[in-house]
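S.K.: build me a model:
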Amino acid sequence: MQSLSRLIGLGFIGLCLLSIGLKALVALPGPLGYAPVDLGFGPVVEPVEVVIWYGTEKEAWLAEAARRFEASGASVAGRPIRITLVGVGSREIADRVARQEWASDPPPTVVSPASSIWIEVLRSDWAARNGGEIIVGATPPLVLTPLVAVAWEERARVLWPDGVEQFWPSLHDALVDPRGWEGVAERNGFAPGSPEHQQASKWGFVKFGHTSPLRSNSGAQALVLMAYGYHNKTSGLTPDDVLDEGFQRWLREIELAVLDFGASTGTFMTSMVQFGPSKYDVVLVYENLVIENISTAEARWGQPLRVSYPPATMFSDHPYAILDNPLTTSAQRAAAEQFRDFLLARPQQELALKFGFRPADPGVAILTSDPENPFNRYASSGVQVDIAQQVESPSGETIAALLDFWQREIGPYAARLEGNN
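M.R.: You can find the predicted model right below:
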């Protein structure tokens, strides 16, 4: 019996020594590898880091999805995958990657601007500066959100009393009216002495905001929608349309009435929540940002917000683009593919819905029986599932013409506004 016990004991010790030896020689996934037991010697298992430069509009969803992904124990060749998120403006993403200007940020493995517009700009700029193609594979959309107008409800009723069919002409006329809201009220049929006219006479001039198109995707989208709105079409926008003198005069009148051109779309939503109607009457923002903030704004100011959809709008599709050599390694690209597939899987698409995004997966229904579903919860505030029409994304040449005009004609005014703030 003692011999048997001795053999069992020696066998157990041998297995322990074998396990320790394997740990010292091989990077094992799971408990004997990188977590949760660290024996203090043997090769260190370096994680594969996937750095994602992303448009900050999807920060909350992306951060939670990354946490879930890392918790799942995802790995490449036995190495754990670590996701590093870096919030960068969409236009800035394209510009800095093409120039390979990282500053204090880690170089990206993946870029995910708000819109595919900036993927095409990056491709073009990279080829011009460096030659070749920098994006590998497809660039699928992760989530969708349209550009909308959000206004305090009492102001929206005065500005668009009969609906938003004349969305852009009504907004233009309101911004150039020297009598401000009082003139808007009278032009839209609210006679002096009516409750609406009495309210409007206290509001002053119309306070409108959108982001800088030179720094933010939503600002560039705003210019595209204005151009389409002026020319009364939804496709085929050309550089000649941008050079039209009537359009340029009309656009200049709108833009010179804007109170602020910020770098972040979220800034306008935050300003509406923080400062109330004294700061902005109407701003152009993403639908998901309105959904995130609508309850807080109403609770703070005792006034509801109203979401209005232009007759034709644009979706931000938040593409996921994996960068190729020389910026990434094969292990990083493989890890980035895993995270992409994780984001596009049904659980993360359903999670996106809770953050106010429209899932890119058409199999995930926007409307559900859940009363907390934001498209149910905020339907009375104008949030809607069906979008009547979308405009065609213009060519890079047309976008360049719009941005060049804006920089030349509005840029100095925008710089003065920034200097005064």
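
S.K.: please make it C-alpha for all contacts and neighbour counts, starting now.
M.R.: OK.

S.K.: spell out the secondary structure type for Ala263.
M.R.: Here Ala263 is coil, with the state taken from DSSP: H, G, I helix; E, B strand; the rest coil.

S.K.: contacting residues around it?
M.R.: For Ala263, the residues meeting the contact criterion (C-alpha atoms under 8 Å, 6 or more residues apart in numbering) are 89, 211-212, 215-216.

S.K.: give me that answer again for 7 Å
M.R.: Taking C-alpha atoms under 7 Å, 6 or more residues apart in numbering, we find Ala263 in contact with 211-212, 215-216.

S.K.: which pair in these spans the largest distance?
M.R.: Spatially, the most separated pair among the contacts of Ala263 is Thr211 and Arg215, at 7.6 Å (C-alpha to C-alpha).

S.K.: give the contact list for the closest residue to Asn325 other than its chain neighbours.
M.R.: Closest residue in space to Asn325, ignoring its immediate chain neighbours: Ile134 at 7.0 Å, by C-alpha to C-alpha, 6 or more residues apart in numbering. Residues in contact with Ile134, defined by C-alpha under 7 Å, 6+ apart, are 123, 126, 323-325.

S.K.: and the strands in the stretch 51-200 of the chain?
M.R.: Taking DSSP state E, counting those that start in this stretch, the strands of the stretch 51-200 of the chain run over residues 75-76, 79-87, 110-112, 135-136, 143-152.

S.K.: please identify which of the ones you listed is closest to Ala345.
M.R.: Of these, nearest to Ala345 by C-alpha to C-alpha is strand 143-152, at 11.6 Å.

S.K.: tell me the mean pLDDT for the closest one?
M.R.: Per-residue pLDDT values across strand 143-152 average out to 96.

S.K.: can you measure across stretch 103-118, start residue to end residue?
M.R.: Stretch 103-118 has an end-to-end distance of 20 Å (C-alpha to C-alpha, to the nearest Å).

S.K.: please begin residue numbering at 8 from this point
M.R.: In the new numbering, first residue 8, that becomes stretch 110-125.

S.K.: buried residues in that stretch, which are they?
M.R.: For stretch 110-125, a neighbour-count test (16 or more other C-alpha atoms under 10 Å) marks 114-125 as buried.

S.K.: what's the most distant pair in these?
M.R.: So, those by C-alpha to C-alpha: farthest apart are Pro114 and Ile124, at 21.1 Å.

S.K.: burial of the residue lying closest to Arg365 once chain neighbours are set aside, as a residue count?
M.R.: Of all residues not flanking Arg365 in the chain, Leu151 sits nearest, at 4.9 Å (C-alpha to C-alpha, 6+ apart). Leu151 has 24 neighbours, counted by other C-alpha atoms under 10 Å.

S.K.: pLDDT-wise, which helix or strand of the chain ranks last?
M.R.: Every helix and strand of the chain was ranked by mean pLDDT, DSSP states H and E. The lowest is helix 9-32, at a mean of 50.

S.K.: more neighbours, Thr218 and Arg222?
M.R.: Thr218 (26 against 19).

S.K.: measure the more buried one to Leu232 for me?
M.R.: From Thr218 to Leu232 the distance is 14 Å (C-alpha to C-alpha).

S.K.: do Gly200 as well
M.R.: 36 Å.

S.K.: look at these two and report which has more neighbours.
M.R.: Leu232 (25 against 9).

S.K.: domain-wise, how is this structure divided?
M.R.: The record's domain parsing of the chain by automatic domain parsing lists 55-149+325-351, 152-322+388-427.
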